[in-house]
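Q: Model the following, please.
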Amino acid sequence: MTSNIAPNADELRWMYSHMVLSRAFERMMDRAYMEGKTPVFDMAKGPVPGEMHLSDGQEPCAVGVCVHLNEDDYAVGSHRPHHVAIAKGVDLDAMTAEMFGRESGLSKGRGGHMHLYDQKARFACSGIVGQGIGIGVGHALAIKMQGGNQVAVAWVGEGGANQGMFHEAMNLAGLWKLPFILVVEDNDWSVSVPKERSTAIARNSDRAASYNAAGEYVADNDVWGVYAAGKRAVDRARAGDGPTIIEVRTHRLVGHFVGDPEIYISEEKKRALVDPLVGMRQRLMDEGIIDAADVERIDRETEGRLAAAEQFARSSTEPACESALDHVFV
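A: Sure, this is the predicted structure:
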């Protein structure tokens, strides 16, 4: 869809700095995660055990929408949630501590990286594929019943759009004209299954017509395109005009999980991937929005923030064994 909707300089700097922060956070967590997991990979080892899904390359899907959200709007991430959490303003120290399994974490170390929850930022996510769509629609229903002007946004991968929850939740969102936005992150792969072998339709945004919803498709992982689509969707939701499905053709620059050998992706396809952070940085410099000094300053400030977050997490206490069932549903 063509549009003259464009971000201003402040919005561009906000989106770029949050993309930098998200990418640097993932690099930090990748390093910490791999501690103790070599020479033979064992996901149970190290200070951050379990599976780890990183969002390198998918940052435009988060910042292009979250730039339009207010503090009281709701965001629900998928099992690959860090870029959305950072763009929505989740507490970085507590988020890092949660991923290290510490008492000072968002959920006192009980949730881990796929089950982050920050009530103040109104952010949550789930490791169950597609579950966040229902949670987002639930938020949207509550907003409408309470007469609020907020919106609820959920993110899901293109494989998750084939879950039954997608169809059930979107049907209700369209039927009741809820202030709901679904961002489908099409990175080509449902773990190791290509989209053309898992999905009967080329674009999930075209499915919107079945649910009395608007459909937006953004090609080429374009930050400016996501911004415009996000603006239209948020305005539509706040005006009471119902839900929108935004599908973004994005790229996963790393494996499905840390340690994924990615033998299902050819070297040719890997070389063809374009880093949206590099592209955005160059365009902003070409247009005079930022300069080399700005890039250096943002990188330096980001490094400082993350060093502090990592130190906070590593120095925090681990939950006592006898408290394993505290703060959880049993």
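Q: If we go by neighbour counts, what in stretch 282-301 is buried?
A: By neighbour count with 16 or more other Cβ atoms under 10 Å, stretch 282-301 contains the buried residues 284, 289-290, 294, 298. From N, CA and C alone the C-beta is placed, and that goes for glycine too.
Q: Take those residues and keep only those in helices.
A: Under the assignment DSSP state H, the buried residues of stretch 282-301 contribute 284, 294, 298 to helices.
Q: For the second one, give me its contacts.
A: So the one you mean is D294. For D294, the contacting residues are R13, by Cβ atoms under 8 Å, 6 or more residues apart in numbering.
Q: Out of the buried residues of stretch 282-301, which comes closest to V218?
A: L284 (18.7 Å; Cβ to Cβ).
Q: residues touching that closest one, list them.
A: Neighbouring residues of L284 by Cβ under 8 Å, 6+ apart: 12-13, 16, 290.
Q: need those in CSV with secondary structure, pLDDT and distance to P47, can you?
A: Shown next, in CSV, are these (DSSP: H, G, I helix; E, B strand; the rest coil; pLDDT from 0 to 100; distance: Cβ to Cβ, whole Å):
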residue, secondary structure, pLDDT, distance to P47
L12, helix, 98, 36
R13, helix, 98, 34
Y16, helix, 98, 30
I290, coil, 98, 35
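Q: nearest to L175, of the residues you listed?
A: Nearest member of these to L175, counting by Cβ to Cβ, is L12, at 37.2 Å.
Q: How about that closest one, nearest residue that isn't a chain neighbour?
A: I289 (5.3 Å; Cβ to Cβ, 6 or more residues apart in numbering).
Q: Next: V295.
A: Nearest one to V295, counting by Cβ to Cβ, 6+ apart, is R281 at 6.5 Å.
Q: The one you found contacts M15, correct?
A: No. Counting by Cβ atoms under 8 Å, R281 sits too far from M15 to count as a contact (11.3 Å).
Q: more neighbours, those two?
A: M15 (25 against 19; other Cβ atoms under 10 Å).
Q: Tell me if the more buried one really is in a helix.
A: Yes. Counting by DSSP: H, G, I helix; E, B strand; the rest coil, M15 is located in a helix.
Q: doesn't A62 make contact with it?
A: No. Using Cβ under 8 Å, M15 makes no contact with A62, being 9.2 Å away.
Q: can you map out the helices along this structure?
A: Using DSSP H, helices in the chain cover 9-34, 59-66, 82-87, 92-99, 131-146, 164-175, 223-238, 267-272, 276-286, 292-315.
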